[in-house]
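S.K.: Sequence first, predicted model second:
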Amino acid sequence: MILSNIALLAALDERRLIIDPEPRPRDPNDNLGVECPYATTAVDLRLGSEVSYFNDGLAINIDLRRGRFASTFGPNSTNKTITEEQPYCLSPGKFVLANTFERVELPIETGKTSLAARVEGRSSFARCGLLVHFTAPTIHAGFRGRITLELTNLGPIPILLYPKMYICQLIVEEVSGTPRKNDSQFQGQARPSGAKF
């Protein structure tokens, strides 16, 4: 069952969903001059201040059966900090990793209904050709960290990526039964590469 905006706010208040910093304003009628990030069944999240991408011209093959992603990506990639003055220009056909500005947590607690989520693109960006994930939208119950985004420009025109721009939406769902904790390699990630720092 997908949570409505009212149920999302209740889940935040109950700490079954933690988003830090919590998106504001909570009410579109607050008239703060800021777009309300709560759609009827999702909450918008913002882009962090770093993009990472594989170095050009690598003479390697990626064997996903060996080692973890961060150990392959880290030494073969470039990290770039983006600012309001110097956004990242995502050219057509290019691929970068980025993460959300907000840190998300979906705690598993006995006696409380757990939540899981999906990260999806925003329709206006998709219509420009921006893809925010490749077949990996699931944020599992028990996850905590910044959500990594796999950004690709499938359109014909470069797209500028600015820090703290609304980039994706989080769709939250209830989990049937209490899951057994099983952390992924990306638990606690703070950087697009999956690194914890």
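M.R.: Structure's in. What do you need? Values in this document were obtained by computation on a predicted structure and should not be read as measured data.
S.K.: CA atoms for contacts and neighbours, from now on please.
M.R.: Noted.
S.K.: who's in contact with Ser176?
M.R.: For Ser176, the contact set (Cα atoms under 8 Å, 6 or more residues apart in numbering) comprises Thr113, Ser114.
S.K.: and it, that one's in a strand?
M.R.: No. Under DSSP: H, G, I helix; E, B strand; the rest coil, Ser176 falls outside any strand and is assigned coil.
S.K.: distance of it from Tyr38?
M.R.: The gap separating Ser176 from Tyr38 is 24 Å, by Cα to Cα, to the nearest Å.
S.K.: do Val51 as well
M.R.: According to Cα to Cα, Val51 stands 25 Å off from Tyr38.
S.K.: Would you tell me which helix is longest in this protein?
M.R.: Taking DSSP state H as the criterion, the chain has its longest helix at helix 5-14.
S.K.: after that one comes which helix or strand?
M.R.: Using DSSP states H and E, the next helix or strand after helix 5-14 towards the C-terminus is strand 18-20.
S.K.: one step back: any buried residues in the longest helix of the chain, and which?
M.R.: Of all the residues in helix 5-14, those buried under the rule 16 or more other Cα atoms under 10 Å are Asn5, Leu8, Leu9, Ala11.
S.K.: so which pair among those residues is furthest apart in space?
M.R.: Distances among these were taken as Cα to Cα; the most separated pair is Asn5 and Ala11, at 9.8 Å.
S.K.: Any stretches of the protein with poor pLDDT?
M.R.: 31-34, 58, 64, 67-72, 182-191, 193-197 (pLDDT under 70).
S.K.: Helices of that one, start to end?
M.R.: Under DSSP H, the chain gives helices at 5-14, 69-73, 123-126.
S.K.: who's sitting farthest from the centroid in this structure?
M.R.: Computed with Cα atoms, centre = their mean, the residue of the chain farthest from its C-alpha average is Ala59, at 29.6 Å.
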